[in-house]
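K.L.:
Just need the structure, nothing else, for what follows:
(one chain, ligands or ions: 1)
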Amino acid sequence: MNIWNEYILATSMDEAGQSLQKAKGSTKFVAGGTDLLLEIQQNRHSPVETLVDVSQIPELRKMEIRGEYFFLGAGVPVSQIATSELVKTHASAVATATGLIGGPQVRNSATLGGNVAHALPAADGMIALVAMDAIAVIYCQGNLFEKPILELFRGAGVTALGVADVLVGFKIRLIQKNEASAFDRVMRPQGVALPILNTAVWLRRDENTIADIRIVFGPSGPVPSRALMVESTLRGNVLDAKALSAAKAAIHDTVKFRTSKMRATAEYRYQLAEVLLESVLNTAWNCAEERKND
Ligand SMILES: Cc1cc2nc3c(=O)[nH]c(=O)nc-3n(C[C@H](O)[C@H](O)[C@H](O)COP(=O)(O)OP(=O)(O)OC[C@H]3O[C@@H](n4cnc5c(N)ncnc54)[C@H](O)[C@@H]3O)c2cc1C
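P.N.:
The predicted structure follows:
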């Protein structure tokens with residue numbers, strides 16, 4: 001039995017928009033289908049009459065440098081993102097995060113656009129994009145507009161995207177000398193899709209200090225957010241035992257983790273957050289050192 005009635009493969013953004021307008025009944029955009037089709041099949045999503053597949057629209061499949069930014073198409077399968085040398089150079093956290101999503105079959109279908117549009121608070125690609133301060137490029141009824149990524153989220157599984165909004169891709173500022181990013185996570189060994197906790201960091205170092213930093217933990221609330229107080233304990237400081245200890249204390253004081261039946265207790269997540277933060281900080285700090293002559 002079909003779990004939808006009509007399937008339209010859009011070849012352009014205009015066609016996707018028009019198909020959505022013309023379709024009768026409930027209509028959804030789909031890309032890899034790794035979230036949406038399972039949800040429909042398992043009755044966790046209201047019935048969908050028409051699926052408009054946006055994953056083959058050429059603009060959504062691009063990965064390229066555009067001026068000061070690196071553009072990452074929302075329809076590129078995450079397996080390609082994870083292995084792209086451009087992504088590894090300019091957004092190492094995104095390359096690592098996408099390389100950890102699911103298994104090879106899922107990664108060959110799943111897209112970063114779907115990971116963000118599904119808006120689950122621990123989605124790996126989404127958390128890495130927030131640490132990169134990405135800008136979302138959106139198409140709606142003939143117009144392209146941009147939004148800082150954090151403005152896309154309204155709640156767990158809820159975005160600010162309208163039904164006719166197509167996520168086209170993400171702009172990430174090209175990496176500069178002394179900058180680096182990193183991502184790490186801890187999964188449950190048995191088949192649960194999202195991690196117990198993930199952590200992404202972007203930083204810029206001066207000779208011996210952290211000049212600027214962004215840190216994101218997922219899940220740490222219904223929508224992704226930066227751990228601003230943890231960042232402020234590290235900004236301007238040498239990455240030494242004292243700074244790490246202050247950052248870890250700030251996690252306990254200011255970041256909200258909750259107990260989830262499927263994954264872990266809040267207490268365990270606090271312990272993991274300390275370990276993951278130290279791991280990603282050390283990785284990014286050392287990579288930034290290696291990049292100081294680039
Ligand atoms: C076995 C398994 C393991 C997984 N493991 C992980 C994991 O480890 N980490 C992780 O983060 N995720 C994991 N996932 C979740 C999933 O693979 C990702 O969230 C995936 O990136 C979703 O992308 P998609 O293209 O398949 O989205 P789809 O299922 O096609 O769509 C998801 C939602 O996004 C919307 N959408 C898709 N593309 C666009 C667009 N361009 N514009 C507007 N709306 C759009 C759809 O309408 C739908 O609401 C796993 C899934 C499975 C099945």
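
K.L.:
Tell me which residues of the longest helix seen in the chain come out buried.
P.N.:
For the chain, the helix with the greatest residue count under DSSP state H is helix 266-290. Across helix 266-290, burial judged by 16 or more other C-beta atoms under 10 Å covers 269, 272-274, 276-281, 283-285, 287-288. Quick note: C-beta positions are derived from backbone N, CA and C, even for glycine.

K.L.:
same question, stretch 24-43
P.N.:
For stretch 24-43, a neighbour-count test (16+ other C-beta under 10 Å) marks 27-37, 39-40 as buried.

K.L.:
Strands - which of those residues land there?
P.N.:
Applying DSSP state E to these, the entries found in strands are Thr27, Lys28, Phe29, Val30.

K.L.:
what subset of those residues is also close to the ligand?
P.N.:
Residues of those in contact with the ligand (C-beta under 6 Å from any ligand atom): Lys28, Phe29, Val30.

K.L.:
With distance to Glu15 and pLDDT as extra columns, can I get the residues you listed in JSON lines?
P.N.:
JSON lines is the format used below for these (distance: C-beta to C-beta, whole Å; pLDDT from 0 to 100):
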{"residue": "Lys28", "distance to Glu15": "16", "pLDDT": "94"}
{"residue": "Phe29", "distance to Glu15": "12", "pLDDT": "96"}
{"residue": "Val30", "distance to Glu15": "14", "pLDDT": "97"}
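
K.L.:
center of this protein, which residue is that?
P.N.:
A centroid search over the chain (C-alpha atoms, centre = their mean) returns Met126, at 1.3 Å, as the residue closest to the centre.

K.L.:
Pull the contacting residues for that one.
P.N.:
Asn115, Val116, Ala119, Leu120, Ile149, Gly218, Pro224 (C-beta atoms under 8 Å, 6 or more residues apart in numbering).

K.L.:
now for these, which pair is the farthest apart?
P.N.:
Largest separation among the contacts of Met126 by C-beta to C-beta: Leu120 and Ile149, giving 14.6 Å.

K.L.:
Name the helix or strand for the residue of the stretch 101-250 of the chain found nearest the ligand, please.
P.N.:
Residue of the stretch 101-250 of the chain nearest the ligand, by C-beta to the nearest ligand atom: Gly114 (2.0 Å). Assigned by DSSP states H and E, Gly114 belongs to helix 112-118.

K.L.:
how about the residues of the chain that lie near the ligand?
P.N.:
28-36, 38, 54, 74-75, 78, 100-102, 106, 109-111, 113-115, 117-118, 123-125, 161, 166-167, 193-194.

K.L.:
re earlier: possible to save the buried residues of stretch 24-43 as a markdown table with distance to Val94?
P.N.:
Formatted as a markdown table, the buried residues of stretch 24-43 follow (distance: C-beta to C-beta, whole Å):
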| residue | distance to Val94 |
| --- | --- |
| Thr27 | 30 |
| Lys28 | 25 |
| Phe29 | 22 |
| Val30 | 22 |
| Ala31 | 17 |
| Gly32 | 17 |
| Gly33 | 21 |
| Thr34 | 18 |
| Asp35 | 18 |
| Leu36 | 22 |
| Leu37 | 24 |
| Glu39 | 24 |
| Ile40 | 28 |
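
K.L.:
Would you state the strands of the stretch 1-150 of the chain in chain order?
P.N.:
Counting by DSSP state E, counting those that start in this stretch, the stretch 1-150 of the chain has strands at residues 6-9, 27-30, 50-53, 63-66, 69-73, 135-140, 143-148.

K.L.:
Just name the closest of the ones in strands among the buried residues of stretch 24-43 to Ile135, please.
P.N.:
Phe29 (20.0 Å).

K.L.:
ok now do Gly218, which residues does it touch?
P.N.:
Gly218 touches Pro121, Ala122, Ala123, Asp124, Met126, Ile127, Pro195, Leu197, Asn198, Thr199, Ala200, Pro224, counting by C-beta under 8 Å, 6+ apart.

K.L.:
Apply 6 Å and report the result again.
P.N.:
Pro121, Ala122, Ile127, Asn198 (C-beta atoms under 6 Å, 6 or more residues apart in numbering).

K.L.:
And Met63, by the same measure?
P.N.:
Residues in contact with Met63 (C-beta under 6 Å, 6+ apart) are Leu72, Val76, Ser84, Leu86.
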